[in-house]
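Chemist: Everything below, folded, please.
(2 chains)
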There are 2 protein chains.
Amino acid sequence: MTTLQDCDVLDQEDPLRELRQQFDLPPGVIYLDGNSLGVLPRATLGRVQEVIQREWGQDLIKSWNTAGWMELPGKIGDKIARLVGAGPGELVVADSTSLNLYKVLSAALRIAQADAPARKVIVSERSNFPTDLYIAESLARQHGARLHLVDSVDEIAGTLNADLAVLMITEVNYRTGYKHDMKALTAAAHAAGALVIWDLAHSAGAVPVDLKGADADFAVGCGYKYLNGGPGAPAFVWAHPRHADRFWQPLSGWLGHAAPFQFTPDYQPAPGIKRYICGTPAMLSTAALECGVDTVLAAEGLGGMAALRKKSIALTELFIELAEERCGALGVRLASPRNPERRGSQVCLSLAAPLQHAGYAVIQALIARGVIGDFRAGDPARLDEVPHILRFGFTPLYIGFADVYAAVEHLYQVLKTEEWQRPEFARQGAVT
Amino acid sequence: MTTLQDCDVLDQEDPLRELRQQFDLPPGVIYLDGNSLGVLPRATLGRVQEVIQREWGQDLIKSWNTAGWMELPGKIGDKIARLVGAGPGELVVADSTSLNLYKVLSAALRIAQADAPARKVIVSERSNFPTDLYIAESLARQHGARLHLVDSVDEIAGTLNADLAVLMITEVNYRTGYKHDMKALTAAAHAAGALVIWDLAHSAGAVPVDLKGADADFAVGCGYKYLNGGPGAPAFVWAHPRHADRFWQPLSGWLGHAAPFQFTPDYQPAPGIKRYICGTPAMLSTAALECGVDTVLAAEGLGGMAALRKKSIALTELFIELAEERCGALGVRLASPRNPERRGSQVCLSLAAPLQHAGYAVIQALIARGVIGDFRAGDPARLDEVPHILRFGFTPLYIGFADVYAAVEHLYQVLKTEEWQRPEFARQGAVT
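Modeler: Have a look, this model is predicted:
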């Protein structure tokens, strides 16, 4: 079994270890929830202060031009593009993931149905993050389409037929950490004549993504997870250049207009991806996002996303090894794919009977010890198939091997001593 | 004519003068553009620092609960509700004005057409802020409706008939400052069987609004103008309680779900206005908005919106008096309503021949002197009807009577000395 000393050596030899210095990590915390909200970069406070004091406070309205506010959604978009295999000018930062999905799914449905009106099915996974499904449900109603949800990855192949308009998949599943094969799935959907939308919420900044290499059609993603953009940071949206100029997206706000400052009453969409911008961007949150994206780009000189991925796999492999060896006899089971190629930068555990209901309390006990993971409820009616999940994200920018060791040791203690049974860890009311 | 000494006395006697201390105003600047981007409240920097350092940096994901992030859109909404005649729990902060308009116009069309399928017309003003028209254009396409634009206020009455589904009006026109009679227009539209949406972008925090008293159906508004929320601050959305539970709005993101943290695959809208929330709110920008709203609420002990309106009218009346007396012979003409009851908190000027093309340069010359207004281009083909506009906003929270006097004196000097003719003030490229 890997020892703490081994982990210390791994940390000392980690070529990415200096990247941790980019962050203000709270002392005494092992933060394994960067897949929900990334940590605070050191640069963010100063940058936001500058936006507030100088750009807004002193220069006021002029800053839309002189401070580059107007160009920032495209500038940050170009930076994110480098992380996801998109080209410059192809990706912008705007609004939320939900809203960007509405834009691209609407466009994709119109393109698919213009080319083949009979295609009326949107396929996604029942285990996809719910907001994706809610947006798809709304657009399916509008477009006379049908949302078909599959219960397993294996079912997807059977849906790739002449009815399929759009396959809408989150590359890394938020619940299980399952990582789809973007290139193969895109090719299969294209072979069936359909379009593919990728939600990169748990991919961007976490795993290498090659949108152009995979020949994807559209993508959206989140700014506040692995991109460390801050709570509710703006999201991003990408359209393959072959689609970007086709159709309006329906959220036709003034900053997606070809000439917003001509204030004409008729909408003329901007060429390319800029038409996917809608209203005035929330500038404080947008500026903070840039600082977060920069923390990931800082790895470019150290091997970039490939190096981050290599470390991420090493971290998750170690976590699985230690969790099973140390806690397997206490009921801990792996709930993420064992094959690292099919796993994102997170590991989910479940608890076997008689602890199948203990997940929430175990997570609370870990949090009390400074190990921050999160809990995702299973299906109470069939916990054997959809168990309660203990979810742990591993952001290689700031998580080290000794952190992993310590996290598993805390988990062992929580289970071995039945600390989780303490009344303050019992579930009460809403769970977030 | 009112003298500078008179203005000093007015400032000394102004019961609202202490409210100016809430802001960090740049020295040497007379800022008459709060109708485009409000100034920086003193409280904002500290509050955003707290959100970044403590709530995000130290408490991380926990802050969604412990710092009240999840409740903030409703908490700020309740504060804004006090400014616009809405009740608690009826208004939320979310997304942008454009997106909120999309939500409410979609809902209004569905309600109107459910009650009377033949109603297929959306009426608005050609001079409405373009994003409103672009969003309406998009939804008209989706719903098989037609957007009918009127060229004058008088034309509206003729459109209130059995074809009308929704009347969508910005209460205070962004270009002219014309202020509609919300109560009368709402009653007239209701009498014709239609619904009314009010865009309060230039109203909230500027003029008293009584949504419930006017029996309005829906409203949206902007956070970064008179509410001083910061560049691109989130917008707000209100639905009359009789409508709030009817239909989904189509931007059905997870935070508008009745139980977002149950992560169910099916959308069930939250009761009431919370279903108008979509994705995860941009928390830095949202926190800053609260500080801005608080600067307006600070007037509540001093007479509230009625007192702000009284001062606003006094400021705009003074500006018109001085501009006409001092600069009338130099070609300055009033382009806003002369009746203060029909005017918002802004005054627009135009320039008579031979200066009808000089507006842009005059504004640039004023900005160089520290008087910040803005320029809105007219219709080059018919400048006599739609002239170039010099636009000046008067925010009574931080603008005083001596500021008005000085601004007019600068305008006089710019025109009298033909300073505006200097080459650095000539129009080049895009105008914002």
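Chemist: Residue of the stretch 1-150 of chain A closest to chain B, please.
Modeler: Nearest residue of the stretch 1-150 of chain A to chain B, counting by CB to the nearest CB: residue A:96, 2.6 Å away. Heads up, the C-betas are built off the backbone N, CA and C, glycines and all.
Chemist: residues from the stretch 251-400 of chain A in reach of chain B?
Modeler: Neighbours of chain B within the stretch 251-400 of chain A, by CB under 8 Å from any CB of the partner chain: A:251-254, A:257, A:260-267, A:278-286, A:288, A:367, A:372, A:374, A:376-377.
Chemist: Who are the contact partners of the residue of the stretch 1-150 of chain A closest to chain B?
Modeler: A:232, A:234-235, B:95, B:253, B:278-280 (CB atoms under 8 Å, 6 or more residues apart in numbering or on different chains).
Chemist: now do 10 Å
Modeler: A:102, A:131, A:220, A:222-224, A:232-235, B:94-95, B:99, B:251, B:253-255, B:278-282 (CB atoms under 10 Å, 6 or more residues apart in numbering or on different chains).
Chemist: Drop anything exposed from the residues you listed.
Modeler: Among those, those classed as buried by neighbour count (16 or more other CB atoms under 10 Å in any protein chain shown) are A:102, A:131, A:220, A:222-224, A:232-235, B:94-95, B:99, B:251, B:253-255, B:278-282.
Chemist: In which helix or strand does residue A:102 reside?
Modeler: Take DSSP states H and E as the rule and residue A:102 turns out to sit in helix A:97-115.
Chemist: Past that helix, which element shows up next along the chain?
Modeler: Once the chain leaves helix A:97-115, the next helix or strand it forms, by DSSP H and E, is strand A:121-125.
Chemist: Drop everything from the buried ones among the contacts of residue A:96 that is not in strands and list the rest.
Modeler: Those of those mapping onto strands are A:220, A:235, B:94, per DSSP state E.
Chemist: now these as TSV including pLDDT and distance to residue A:388?
Modeler: Formatted as TSV, these follow (pLDDT from 0 to 100; distance: CB to CB, whole Å):
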residue	pLDDT	distance to residue A:388
A:220	98	28
A:235	98	28
B:94	98	31
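Chemist: How about the residue in the stretch 201-350 of chain A that chain B sits nearest to: what's its closest non-neighbour residue?
Modeler: When scored by CB to the nearest CB, the stretch 201-350 of chain A has residue A:279 as its residue closest to chain B, at 2.6 Å. Counting by CB to CB, 6 or more residues apart in numbering or on different chains, residue A:279 lies nearest to residue B:96, which is 2.6 Å off, once chain neighbours are set aside.
Chemist: now do residue A:79
Modeler: residue A:293 (4.9 Å).
Chemist: OK, contacts around the one you found?
Modeler: A:41, A:76-80, A:82-83, A:93, A:204-205, A:223, A:227-229, A:233, A:236.
Chemist: among those, which are in strands?
Modeler: Going by DSSP E, the strands hold A:93, A:236 from the contacts of residue A:293.
Chemist: The closest residue to residue A:283 other than its chain neighbours - how many residues pack around it?
Modeler: With CB to CB, 6+ apart as the criterion, residue A:283 has its nearest non-adjacent residue at 3.8 Å, and that residue is residue B:231. Residue B:231: 26 surrounding residues under other CB atoms under 10 Å in any protein chain shown.
Chemist: In contact with residue B:231: list those residues for me.
Modeler: A:51-52, A:55-56, A:60-61, A:63-64, A:67, A:69, A:280-284, A:286-287, B:37-38, B:224, B:285, B:288.
Chemist: Please go through chain A and pick out the longest helix.
Modeler: Looking across chain A with DSSP state H, the single longest helix is helix A:304-327.
Chemist: Please pull up the helix or strand immediately following that one.
Modeler: Next in sequence after helix A:304-327, counting helices and strands by DSSP H and E, comes strand A:332-334.
Chemist: Give the pairing partners of that next one; include direction for each.
Modeler: Pairing partners of strand A:332-334, with direction, according to DSSP bridges: strand A:346-351 (antiparallel).
Chemist: So what's the model's average confidence on stretch A:413-421?
Modeler: For stretch A:413-421, mean pLDDT is 98.
Chemist: my read is the residue nearest to residue A:79 is in a strand, agree?
Modeler: No - read with DSSP: H, G, I helix; E, B strand; the rest coil, residue A:293 is helix and lies in no strand.
Chemist: what about it, distance to residue B:248?
Modeler: Look at residue A:293 and residue B:248: by CB to CB, to the nearest Å, they are 33 Å apart.
Chemist: Same question for residue A:99.
Modeler: Noted for residue A:99: a distance of 15 Å to residue B:248, by CB to CB.
Chemist: And the helices in the stretch 251-400 of chain A, which stretches?
Modeler: Ranges of helices in the stretch 251-400 of chain A, per DSSP state H, counting those that start in this stretch, are A:283-297, A:304-327, A:359-368.
Chemist: Then the stretch 51-200 of chain A?
Modeler: A:63-66, A:72-84, A:97-115, A:130-143, A:182-191.
Chemist: Out of the ones you listed, flag the one nearest residue B:327.
Modeler: Closest to residue B:327 of the helices of the stretch 51-200 of chain A is helix A:63-66 (CB to CB; 27.5 Å).
Chemist: Would you mind measuring the gap between the ends of stretch A:37-57?
Modeler: Stretch A:37-57 has an end-to-end distance of 29 Å (CA to CA, to the nearest Å).
Chemist: what's the answer for stretch A:272-288, then?
Modeler: Note: stretch A:272-288 ends 25 Å apart using CA to CA.
Chemist: Which positions within it qualify as buried?
Modeler: Using 16+ other CB under 10 Å as the burial criterion, the residues of stretch A:272-288 that qualify are A:273-288.
Chemist: Also stretch A:402-414?
Modeler: A:402-412, A:414.
Chemist: With stretch A:118-138 instead?
Modeler: Buried, per 16+ other CB under 10 Å, within stretch A:118-138: A:119-125, A:127-138.
Chemist: out of everything not next to it in sequence, what's closest to residue A:44?
Modeler: The nearest residue in space to residue A:44 (CB to CB, 6+ apart) is residue A:291, at 4.3 Å.
Chemist: Tell me how many other residues crowd the one you found.
Modeler: The burial count for residue A:291: 24, using other CB under 10 Å.
Chemist: ok, it - contacts?
Modeler: Contact analysis of residue A:291 by CB under 10 Å, 6+ apart lists A:22, A:40-48, A:76, A:227-230, A:233.
Chemist: Neighbour-wise, give me the winner out of these.
Modeler: Most neighbours among these, by other CB under 10 Å: residue A:229, with 34 neighbours.
Chemist: which residues sit in contact with it?
Modeler: Counted by CB under 10 Å, 6+ apart, residue A:229 has contacts A:37-38, A:41, A:44, A:76, A:80, A:93, A:205, A:222-223, A:235-236, A:285-293, A:295, B:282, B:284.
Chemist: what do you get if the cut-off is 7 Å, keeping everything else the same?
Modeler: Residue A:229 makes contact with A:38, A:223, A:288-289, A:292-293, according to CB atoms under 7 Å, 6 or more residues apart in numbering or on different chains.
Chemist: ok, so what distance separates it from residue B:56?
Modeler: 10 Å.
Chemist: before we move on, the earlier item: can you list the neighbours in contact with the longest helix of chain A?
Modeler: A:1-2, A:14-16, A:83, A:206-208, A:299, A:332, A:334, A:340, A:343, A:345, A:347, A:349, A:392, A:394, A:396, A:399, A:401, A:404-405, A:408, A:411-412, A:415.
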